[in-house]
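Visitor: Following is a predicted model, sequence given first.
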Protein chains: 2
Amino acid sequence: MKSTREKNRQILLASRPVGAPTTANFRLKETTKPVPAEGEVLLRSIYLSLDPYMRGRMSDAPSYAPPVQLNQVMLGATVSQVEVTRHPDYRVGDWVLAYSGWQDYAISDGTGLTALGSAPQNPSYALGIMGMPGFTAYMGLLDIGRPKAGETLVVAAATGPVGATVGQIGKLKGCRVIGVAGGSEKCQYAKEVLGFDECLDHKAPDFAAQLKQVCSAGIDIYYENVGGKVFDAVLPLLSTGARIPVCGLISQYNATELPAGPDRLSLLMRTVLTKRLRVQGFIIFDDYGQRYPEFAKEMAQWLGAGRIKYREHLIEGLEHAPEAFIGLLQGQNFGKLVIRVNDAQ
Amino acid sequence: MKSTREKNRQILLASRPVGAPTTANFRLKETTKPVPAEGEVLLRSIYLSLDPYMRGRMSDAPSYAPPVQLNQVMLGATVSQVEVTRHPDYRVGDWVLAYSGWQDYAISDGTGLTALGSAPQNPSYALGIMGMPGFTAYMGLLDIGRPKAGETLVVAAATGPVGATVGQIGKLKGCRVIGVAGGSEKCQYAKEVLGFDECLDHKAPDFAAQLKQVCSAGIDIYYENVGGKVFDAVLPLLSTGARIPVCGLISQYNATELPAGPDRLSLLMRTVLTKRLRVQGFIIFDDYGQRYPEFAKEMAQWLGAGRIKYREHLIEGLEHAPEAFIGLLQGQNFGKLVIRVNDAQ
């Protein structure tokens, strides 16, 4: 089912996954193209962002945000262009950051749209380095992690849009940066392109021992975005006064039950006490929305000066979003995962 | 073995406890009274503080402070008087806050002493409400807990020197304060004397259900000083953005192994993420030492105005310190536990 300008393709949540999602949890539907009323615009999706948090929205377990309802369009941020305008602030062809979800077309009255102008240089960056993932990296590291020169920073998913940005900002702040990634190709990229001091493959059987060796002076900041065995290896290496911003736990999102014992909850709390840890979760726009301009200004400067590098993993075609998302949860992407839904005008 | 002015009684760590300490882990020894050299003072202990942290120092597991060595004097804060002075800053009879440990006499060159003057009104308060426990309550609640009027604050060990102070400061800041204590007598005291809104008996079989009922709008601050089943009951009730200062885990100090599974470490981290919790451990003088004057000024005002109440549990005689300490770990004290080692001059 290819993109047209006559129909609106949508990807719906067909059923709630138990454990890892499968393509059977999604359904592609073709509907009529919506028509904007007075004061509205018709948006055509050009880029769709795929992000780990979407796994949470597929479940109806209590969380910080309501779930997607069954047979409704999967939610998600898009970079879209205005195709029809009946809104005084928008002209045909204007680019916007929107939350159209997994579909070709959406109607908006302007609420929640961010204008990107008529000819942005890298429109898809609004979904990554200049958007939610980049902002998440920036605030979590700087406001909770509080890096000081000479400290050791560990970050997993080191070539993903959050991890890569955390590590590069850490280097700008003078930290020794240890990345963790899946596979030698990603590790090589983290060291050679992103400038990390080390990057370890979490698939190595002696991963925990390797981490201990490269963090012989302890870990001052662990930026938590994966959980699971990476956190298990980090926990005994934390320094007194270490900070742990928690922005994601991708390794756990498909878990259907708690792991077998012993129960290490008390071990974690005891480590918090004896090491005086600060462990803090955050949801970027809820906690830090008012600081977006400060981030955007500094990040644009860093990007412009080549001090921060950014890699996208582009996949063509909305119909491939489900399998791309399933792969994201398995770490198959290499860089920020973005679906090119339609060609730009 | 009674107190004399000829000998120095000492309580030594005779062996390291496995699980709960017993009196066999301690040994009372009578030695010669030490003689101060030029530049030193001889201190006679009047009050000895017994505190939960001492359990950690009896073990040689890695912690934030080195352990007491076997056959050495148990460590601890004392309020002492100068009996002999060869130091220009101290006169006979002066009161000081010292770290003499569990013994009648100690020598000091002045390092680490805090002068309390020649006639303090309540000298033993320096071990409690005006000292480490009060300061711990104050900074943990105000700097990490950040109470706002109308929020719900839960604190355990509600009649202990930390918990009672946390709850009363919470009331001064406009919080709804829920205490947790062992037994109806302590609960009644927390409500009627300390002014808590509620106080629940953690020994009640339906304690978790009771807590859920009285915290129907969620828990905004949980001041953690006990751990164990109180924390288990608190965890599912935490509100979005809740803060958890962690100053102690008394229920776990005697644990010899981790509890059976399932492993809830990932559950805790997931709650940190989805509820955006801030969980932070601290060691009061290491983290906040420079803010002691600010605390002392405000607490003295509150005490003087009767806005903070303080209860001591005094036990006569150094020889009773081991059994009193063992009881402290079981919650048998009612108020700040202090040993009256010797009569004042």
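Guide: Looks like it arrived, so ask away.
Visitor: What residue in chain A comes nearest to chain B?
Guide: Using Cβ to the nearest Cβ, the closest approach of chain A to chain B is made by A:G261 at 1.7 Å. Placement of C-beta: from N, CA and C, glycine included.
Visitor: Next up, the contacts around that residue.
Guide: Contacts for A:G261 (Cβ atoms under 8 Å, 6 or more residues apart in numbering or on different chains) come out as B:L258, B:P259, B:A260, B:G261, B:P262, B:D263.
Visitor: Make CSV out of these and add secondary structure and pLDDT.
Guide: Formatted as CSV, those follow (DSSP: H, G, I helix; E, B strand; the rest coil; pLDDT from 0 to 100):
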residue, secondary structure, pLDDT
B:L258, coil, 93
B:P259, coil, 92
B:A260, coil, 92
B:G261, coil, 86
B:P262, coil, 94
B:D263, coil, 94
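Visitor: which stretches of the stretch 101-250 of chain A form helices?
Guide: Remark: helices assigned in the stretch 101-250 of chain A by DSSP state H, counting those that start in this stretch are A:132-139, A:161-172, A:184-192, A:207-214, A:228-234.
Visitor: A:A305 is nearest to which of these?
Guide: Closest approach to A:A305 among the helices of the stretch 101-250 of chain A is made by helix A:161-172 (10.5 Å; Cβ to Cβ).
Visitor: Residues contacting that closest one, please?
Guide: A:128-129, A:133-134, A:136-138, A:140-142, A:147, A:153, A:155-158, A:177, A:179, A:181, A:190, A:194-196, A:221, A:223, A:225, A:247-248, A:302, A:307-311, A:335-336.
Visitor: What mean pLDDT does it get?
Guide: Helix A:161-172 shows a mean pLDDT of 98.
Visitor: likewise stretch A:293-308?
Guide: Mean predicted confidence for stretch A:293-308 is 97.
Visitor: contact partners of that stretch?
Guide: A:Y125, A:I129, A:M130, A:G134, A:F135, A:Y138, A:M139, A:T165, A:Q168, A:I169, A:L172, A:Y310.
Visitor: neighbour-wise, which of the contacts of A:G261 leads?
Guide: B:D263 (19 neighbours; other Cβ atoms under 10 Å in any protein chain shown).
Visitor: Double-check A:D104 against A:S3; I have them as touching.
Guide: Yes. Here A:D104 lies in contact with A:S3, judged by Cβ atoms under 8 Å, at a distance of 6.1 Å.
Visitor: returning to what we had before: including neighbour count and distance to B:L116, could the contacts of stretch A:293-308 go into a markdown table?
Guide: Putting the contacts of stretch A:293-308 into a markdown table (neighbours: other Cβ atoms under 10 Å in any protein chain shown; distance: Cβ to Cβ, whole Å) gives the following:
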| residue | neighbour count | distance to B:L116 |
| --- | --- | --- |
| A:Y125 | 22 | 63 |
| A:I129 | 27 | 59 |
| A:M130 | 23 | 59 |
| A:G134 | 29 | 55 |
| A:F135 | 23 | 52 |
| A:Y138 | 26 | 49 |
| A:M139 | 23 | 46 |
| A:T165 | 29 | 53 |
| A:Q168 | 24 | 53 |
| A:I169 | 27 | 49 |
| A:L172 | 14 | 50 |
| A:Y310 | 21 | 61 |
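Visitor: Would you mind listing the residues in contact with A:C187?
Guide: Shown in contact with A:C187 (Cβ under 8 Å, 6+ apart): A:A158, A:G179, A:A181, A:C199, A:L200, A:D201.
Visitor: Mind telling me what element the residue lying farthest from the centre of chain A is part of?
Guide: The centre of chain A is farthest from one residue, A:E38, which by Cα atoms, centre = their mean lies 34.8 Å away. Per DSSP states H and E: A:E38 is located in neither a helix nor a strand.
Visitor: From A:R86, how far out is it?
Guide: 5 Å (Cβ to Cβ, to the nearest Å).
Visitor: Ok, A:G19 next?
Guide: 45 Å.
Visitor: neighbour count winner among these two?
Guide: Neighbours were counted for A:G19 and for A:R86 using other Cβ under 10 Å; A:R86 has more, 14 against 10.
Visitor: Walk me through the domains of chain A.
Guide: A:7-124+A:310-340, A:132-285 (automatic domain parsing).
Visitor: Of those domains, which stretch is the most buried?
Guide: Most buried of the domains of chain A, by mean neighbour count (mean count of other Cβ atoms under 10 Å in any protein chain shown): domain A:132-285, with a mean of 21.
Visitor: Any idea how far apart the tips of that domain sit?
Guide: Terminal residues of domain A:132-285 lie 8 Å apart, using Cα to Cα, to the nearest Å.
Visitor: same deal with stretch A:189-206?
Guide: Rule used - Cα to Cα; the end-to-end distance of stretch A:189-206 is 21 Å.
Visitor: Tell me how far it lies from the chain's centre.
Guide: When C-alpha coordinates are averaged (Cα atoms, centre = their mean, to the nearest Å), stretch A:189-206 and its chain have centres 19 Å apart.
Visitor: what's the answer for stretch A:5-18, then?
Guide: Distance, centroid of stretch A:5-18 to centroid of chain: 21 Å (Cα atoms, centre = their mean).
Visitor: try stretch A:165-184
Guide: Between the centre of stretch A:165-184 and the centre of its chain there are 16 Å (Cα atoms, centre = their mean).
Visitor: rewinding a little: got any residues that touch both of A:D104 and A:S3?
Guide: By the contact definition Cβ under 8 Å, 6+ apart, A:D104 and A:S3 are jointly contacted by A:R9, A:L318, A:V341, A:N342.
Visitor: Assign the first one to helix, strand or coil.
Guide: Pointing back at A:R9 there. Here A:R9 is recorded as strand under DSSP: H, G, I helix; E, B strand; the rest coil.
Visitor: Could you find the closest non-adjacent residue to it?
Guide: Counting by Cβ to Cβ, 6 or more residues apart in numbering or on different chains, A:R9 lies nearest to A:D104, which is 5.1 Å off, once chain neighbours are set aside.
Visitor: Let me see the confidence value for that neighbour.
Guide: 98.
Visitor: Same question for A:P120.
Guide: Confidence score, pLDDT, at A:P120: 95.
Visitor: Would you check that my belief about it contacting A:W95 is correct?
Guide: Yes. Using Cβ under 8 Å, A:P120 is in contact with A:W95, at 5.3 Å.
Visitor: Quick check: of the contacts of A:G261, which lies closest to chain A?
Guide: Nearest to chain A among those is B:G261, at 1.7 Å by Cβ to the nearest Cβ.
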